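1. give me coordinates for this.
(chains A and B)
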Amino acid sequence: MAEGGTALRFVVDKEFAATRDLGRKEREQLDALALRARSGDVLKIDLTGVKAMTISFADEFIGRFLASRAVNDKDDVGVLIVGPMGEEGDELQETLEAVLGRRGIGVLWTDQEGEVTAVGGPAWFASTFQQALALRVFRATDLAERLSLSPQATNGRLKKLSESGAVVRERVVPDGGGKEFEYRVATAAH
Amino acid sequence: MRRLTLSGAAPLLDPSLDLRRIAGPCVVDLSKLTFATPLDLVAMASLLNSATAAQVTLIPPALPLVANYLMRMDLVTSLNGRVVSSPPFPEETPRDETPSLIEVTCVKSNADVQPIIDRLMPKLATVLPDASCRSVFRIVGELLENATTHGNSESGCFIAGQYYTGTTSAMPPGFWIGIADAGIGFREHLARNSAYGGLRSTEAIRKASMWGVTGTGDPARGLGLTNVRRAAGHEAPGEVIIRSGDGEGHFFVGPNGATARYRSRPSISGTWVLALAGTPAPAM
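-> Predicted coordinates:
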């Protein structure tokens, strides 16, 4: 796997994003961008110009987008939300937390200074991503070792992390043949 | 002929009024009205525009300031052609274009909401601090979403709002928002989900205000009203009053928690909400 895919930026151009109607329109455009993404790329959803969003908008746009990835096994393209700092960022994260908590999905959030926050997801989401971040590019066995977990349990977590776009999964062919997967954290994208 | 008299201050919060849909010839008498909250404005707009009577006669407030206020807030222009003012409203005085108002606006569909937000928020941003703007937005956005997607009101829903410092109105300070529709109400909406069938209106309001309760059956939905309550009390103590069918829920919310009171009320058509986004100090 090449070190870091290409970042495809999707900018939400509304200071106050309110409705499911708008959320659906934004999601359809994001879906179109995702279709153009190549394996290893990372979609950066840019909310830096957003001051506030409603639960309805957030669910229709980001909640449903991430949920559809899980259904479609779309795990070779990463997802990263880039948001504002300060109170605006905190409130946007709270809104996302509420939406994603209901759907059992997590997502990575980064601000303009590059600090990464795990939003939503199961209790282990943030700590497992932190271990993945230390490895950057890794195989499941590497992460299992760091987490002291069984391969099955580690694969379960990796499935959730890759569905959420926090890590990108790509198939590689080992020297001896067969198939294996390699993972890379989404924050490694350029 | 039925006669509905709205008198004094904030009459539509008065529990004794019979506010069922106006069906036959009717006179709505505002001559003794002395003060109107955003809820009074939108509830009047919803009541009068959903009337099935061939004609509704509207008697304007006797107090010139109150009559002028109803015109300034676009209540009179929001009424359909079946509503006839007699005597006519006096000519409106030149408008002060204060940005701390949301004039009565009819919202017909979900697609209408974002354009309204796009017009409203830059105006409010000139007078409210950023945090207050975000709270008002969350309240307006979630309530209009609910009204336009669940209300099923043929006459649409109506929104109005105003910032009160409390110095002259005795209203608790903050931005007050009224939203009203003449649709199906909480009870009927929740009954679309078999888990919440057969509830009384007060129970439906209580349930709908809980996290994750929705009539849609989608387990990811049902978060909006909780968000409204949080936004109302985010900065300073706020309130949310919901009237729907024959029930009322009154939520007092603040940074440290919430207290709710539920009770039966004379029945209304649809749902009326009055929300106060509390602000820490007068913003103007």
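2. in chain B, which spans are helices?
-> For chain B, the helices defined by DSSP state H occupy B:38-49, B:64-72, B:110-125, B:130-150, B:185-190, B:201-208, B:224-232.
3. out of the ones you listed, nearest to residue A:33?
-> With C-beta to C-beta as the measure, helix B:110-125 is the member of the helices of chain B nearest residue A:33 (20.9 Å). Glycine gets a C-beta too; all of them are placed from N, C-alpha and C.
4. right, is the closest one up against chain A?
-> Yes - legend: contact between helix B:110-125 and chain A by C-beta under 8 Å from any C-beta of the partner chain is shown at B:110, B:111, B:113, B:114, B:117, B:118, B:121.
5. quick one: which of those is most hemmed in?
-> Neighbour tally across the residues of helix B:110-125 next to chain A (other C-beta atoms under 10 Å in any protein chain shown): the maximum, 28 neighbours, falls on residue B:113.
6. thought that residue was touching residue B:148?
-> Yes - Residue B:113 is in contact with residue B:148 according to C-beta atoms under 8 Å; the separation is 6.1 Å.
7. common neighbours of the two, please.
-> Common neighbours of residue B:113 and residue B:148 (criterion: C-beta atoms under 8 Å, 6 or more residues apart in numbering or on different chains): residue B:107.
8. state the distance from the residue lying closest to residue B:79 once chain neighbours are set aside to residue B:89.
-> Take residue B:79 and drop its neighbours on the chain: the residue closest to it by C-beta to C-beta, 6 or more residues apart in numbering or on different chains is residue B:48, 5.4 Å away. In this view, residue B:48 and residue B:89 are 14 Å apart by C-beta to C-beta, to the nearest Å.
9. higher neighbour count, these two?
-> The neighbour comparison of residue B:48 against residue B:89 (other C-beta under 10 Å) goes to residue B:48, with 23 against 16.
10. now do the contacts for that one.
-> By C-beta under 8 Å, 6+ apart, residue B:48 lies in contact with B:22, B:28, B:56, B:58, B:79, B:80, B:83.
11. and if you look at residue A:57?
-> Residues counted as contacts of residue A:57 (C-beta under 8 Å, 6+ apart) are A:17, A:18, A:19, A:20, A:22, A:23, B:141.
12. between the residues you listed, identify the one with the most neighbours.
-> residue B:141 (30 neighbours).
13. that residue touches residue A:22, doesn't it?
-> No - with contact defined as C-beta under 8 Å, residue B:141 does not count as touching residue A:22 (10.0 Å).
14. and stretch A:30-47, end to end?
-> One end of stretch A:30-47 sits 13 Å from the other (C-alpha to C-alpha, to the nearest Å).
15. swap that for stretch B:140-160, sorry
-> Counting by C-alpha to C-alpha, you get 10 Å between the two ends of stretch B:140-160.
16. ok, it near chain A or not?
-> Yes - under the criterion of C-beta under 8 Å from any C-beta, stretch B:140-160 makes contact with chain A via B:140, B:141, B:142, B:144, B:145, B:149.
17. helix or strand for residue A:26, just tell me which one.
-> helix A:20-36 (DSSP states H and E).
18. who touches that helix?
-> Residues contacting helix A:20-36 (C-beta under 8 Å, 6+ apart): A:8, A:10, A:12, A:14, A:17, A:43, A:45, A:56-62, A:64-65, A:68, A:74, A:77, B:110-111, B:113-114, B:145, B:149.
19. dump the residue contacts of residue B:35.
-> Counting by C-beta under 8 Å, 6+ apart, residue B:35 touches B:8, B:9, B:10, B:66, B:169.
20. report the entries of these that also contact chain A.
-> Applying C-beta under 8 Å from any C-beta to the contacts of residue B:35, none is adjacent to chain A.
21. output those as TSV; include the columns neighbour count, distance to residue B:233 and pLDDT.
-> Below are those laid out as TSV (neighbours: other C-beta atoms under 10 Å in any protein chain shown; distance: C-beta to C-beta, whole Å; pLDDT from 0 to 100):
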residue	neighbour count	distance to residue B:233	pLDDT
B:8	11	28	88
B:9	16	24	87
B:10	17	21	85
B:66	18	30	96
B:169	15	20	75
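22. out of those residues, which comes closest to chain A?
-> residue B:169 (26.9 Å; C-beta to the nearest C-beta).
23. how about the nearest residue to that closest one, chain neighbours excluded?
-> In space, residue B:169 is closest to residue B:35, 7.2 Å off (C-beta to C-beta, 6+ apart).
24. wait, residue A:14 sits on residue A:50?
-> Yes - if you go by C-beta under 8 Å, residue A:14 and residue A:50 touch, sitting 6.4 Å apart.
25. who's in contact with the residue nearest to residue B:77 when sequence neighbours are not counted?
-> Once flanking residues are discounted, residue B:77 sits nearest to residue B:71: 7.8 Å by C-beta to C-beta, 6+ apart. When contacts are counted by C-beta under 8 Å, 6+ apart, residue B:71 touches B:77, B:89, B:92.
26. between the helix holding residue A:26 and helix B:130-150, how many degrees?
-> Helix A:20-36 runs at 90 degrees relative to helix B:130-150, counting by axes from the mean of the first three to the mean of the last three C-alpha atoms, to 10 degrees.
27. give me the buried positions along helix A:20-36.
-> A:20, A:21, A:22, A:23, A:26, A:27, A:30, A:34 (16 or more other C-beta atoms under 10 Å in any protein chain shown).
28. per-residue pLDDT, residue B:283?
-> Predicted confidence (pLDDT) for residue B:283: 46.
29. format the residues of helix B:110-125 next to chain A as a markdown table; extra columns: pLDDT and distance to residue B:224.
-> As requested, these are exported to a markdown table (pLDDT from 0 to 100; distance: C-beta to C-beta, whole Å):
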| residue | pLDDT | distance to residue B:224 |
| --- | --- | --- |
| B:110 | 93 | 13 |
| B:111 | 92 | 18 |
| B:113 | 96 | 13 |
| B:114 | 96 | 16 |
| B:117 | 96 | 15 |
| B:118 | 95 | 20 |
| B:121 | 94 | 18 |
